[in-house]
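Asks: sequence? don't have it. structure:
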């Protein structure tokens, strides 16, 4: 089937193009052990732009996209965050993008593979229609559809379903690691049973949390930690002005404090973070993609003994001196994944959130006329909104709600 879409290609001059693109109904399975199923047609309704898409565009400029192309193709439709309409079922849905040859998309074994719509071996949402495994079209909450149209405010919230689900997984993973890492310390400290020590270790993992970077993912993980651990001390670190709307929104959502990364030296920045935390961090979360993250955590001592370093940005390479690293008994992990239950929980939480307030719309014609310019000068430019989305099909959207 030929549809209109925005797609990546390996081209220095034109890494992102809007035009005709062929889509194929390739049988896919949701998880290992399940049957492969033909896709059903779904039409894109509202789609959010993701930093991953911007990175893929730049990879195309460098000729590095080939391993990500669907089999037999030399292009990849972009986008994986948004709401779709499924004509055969007369309903709206959220696309679950994880799946494939995996028992559990969050815990890989060596022989497993997986796919993501829009990222790896599958097509994305920035097309008029596409094929999707029917088991991976998740229900949206009731009460937001009227006369065949879905509330715009809900759509804005649900473009965050994918990253918010990732952050639910991140919190779960830090709980798992923190409990295993520190329960013996807590047994000795509190003179208690192993079961009680495990509960204490999980909770105290989040005593002092440093979140380096203030994009949406950093904001979401702070929000989720606060929801479950209301006594956690959370400090965001970023370059934005203290009085910027982004900082104010994030601090309110996560009940956090803020340190602006504008010091003359890294040592001064590290000291300011530790002072705001009231000690070294029990968890250091790197979401900025800058090398300064691990330097501040390890070289300048913001991450404490037995602490967890969690890197889920697209970079950077982490380098540490292994001897003092080992003596401090710190753990490094990095992963960007989630299960279906994470996505379903994210959808339920987001419907009652105020995250629609940080989504701004770009006109579809403006985007499709020159998508490269839109990415570079509107969506990921200096002063760009925290999140940008586009209404891909007006007939399904109720702008009044």
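Replies: Thanks, I have it. Everything numeric in this text was worked out from a predicted model, so none of it was measured.

Asks: Just list what the host helix or strand of residue 166 packs against, helices and strands only.
Replies: Residue 166 belongs to helix 161-190 when assigned by DSSP states H and E. Helix 161-190 sits against strand 81-86, helix 194-204, helix 216-228, strand 281-286, strand 303-311, strand 331-333, helix 340-351, with contacts defined as 3 or more Cβ pairs under 8 Å, 6 or more residues apart in numbering; DSSP states H and E. Just so you know, the C-beta spots here come from the backbone N, C-alpha and C atoms, and that holds for glycine as well.

Asks: Averaged pLDDT, the third one. What do you get?
Replies: Translated: helix 216-228. This predicted structure assigns helix 216-228 an average pLDDT of 96.

Asks: strands paired with the helix or strand just after it, and their directions?
Replies: Next helix or strand after helix 216-228 toward the C-terminus (DSSP H and E): strand 233-238. Strand 233-238 has the following strand partners under DSSP bridges: strand 208-212 (parallel), strand 257-260 (parallel).

Asks: coming back round to it: minimum distance to residue 98: which of the helices and strands packed on helix 161-190 has it?
Replies: Nearest to residue 98 among the helices and strands packed on helix 161-190 is helix 340-351; the distance by Cβ to Cβ comes to 7.8 Å.

Asks: List of residues touching the closest one?
Replies: Helix 340-351 is contacted from outside by 94, 96, 98, 106, 138-141, 144, 154, 157-158, 160-162, 164-166, 168-169, 172, 338, using Cβ atoms under 8 Å, 6 or more residues apart in numbering.

Asks: Distance from the helix holding residue 166 to the middle of the chain?
Replies: Relative to its chain's centre, helix 161-190 lies at 18 Å (Cα atoms, centre = their mean, to the nearest Å).

Asks: how big is the angle separating that helix from strand 208-212?
Replies: Helix 161-190 and strand 208-212 are oriented at 150 degrees to each other (axes from the mean of the first three to the mean of the last three Cα atoms, to 10 degrees).

Asks: that older thread, would you single out the least confident of the helices and strands packed on helix 161-190?
Replies: strand 331-333 (a mean of 91).

Asks: Tell me who's in contact with residue 223.
Replies: 167, 253, 254.

Asks: Near the first one, how many residues? Count them for me, please.
Replies: Close neighbours of residue 167, defined as other Cβ atoms under 10 Å, add up to 27.

Asks: Just the buried residues out of the contacts of helix 340-351, in ChimeraX syntax.
Replies: Only the buried entries of the contacts of helix 340-351 go into this ChimeraX selection, using 16 or more other Cβ atoms under 10 Å:
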select :94,96,98,106,138,140,144,154,157,158,160,161,162,164,165,166,168,169,338
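
Asks: Lowest mean pLDDT among the helices and strands of this structure, which one is it?
Replies: helix 322-327 (a mean of 71; mean pLDDT, DSSP states H and E).

Asks: Nearest residue to the middle of this protein?
Replies: For the chain, residue 163 is the residue whose C-alpha lies nearest the centre (Cα atoms, centre = their mean; 2.8 Å).

Asks: Identify the residue spatially nearest to it, adjacent ones excluded.
Replies: Spatial nearest neighbour of residue 163, chain neighbours left out: residue 217 (5.3 Å); criterion: Cβ to Cβ, 6 or more residues apart in numbering.

Asks: Equivalent analysis for residue 279, please.
Replies: Nearest to residue 279 is residue 208, by Cβ to Cβ, 6+ apart, at 5.8 Å.

Asks: Now do the contacts for the one you found.
Replies: 232, 233, 235, 277, 278, 279, 280, 281, 282, 283, 304 are the contacts of residue 208 under Cβ under 8 Å, 6+ apart.

Asks: if you set the cut-off to 10 Å instead, what comes out?
Replies: By Cβ atoms under 10 Å, 6 or more residues apart in numbering, residue 208 lies in contact with 232-235, 273-274, 276-284, 302-304, 307.

Asks: Any chance of a PyMOL selection covering the buried ones in those residues?
Replies: Applying 16+ other Cβ under 10 Å to the contacts of residue 208, the buried members can be selected in PyMOL as follows:
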select buried, resi 232+233+234+235+273+274+276+277+280+281+282+283+284+302+303+304+307
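
Asks: tell me which of the contacts of residue 223 is nearest to residue 382?
Replies: Using Cβ to Cβ, the contacts of residue 223 come closest to residue 382 at residue 253, 23.2 Å.

Asks: isn't the closest one right next to residue 355, touching?
Replies: Yes: at 8.3 Å, residue 253 counts as touching residue 355 under the criterion of Cβ atoms under 10 Å.

Asks: which one of these two has more residues nearby?
Replies: More crowded of residue 253 and residue 355, by other Cβ under 10 Å: residue 355, with 23 against 19.

Asks: The more buried one against residue 158, yeah?
Replies: Yes: using Cβ under 10 Å, residue 355 is in contact with residue 158, at 9.3 Å.
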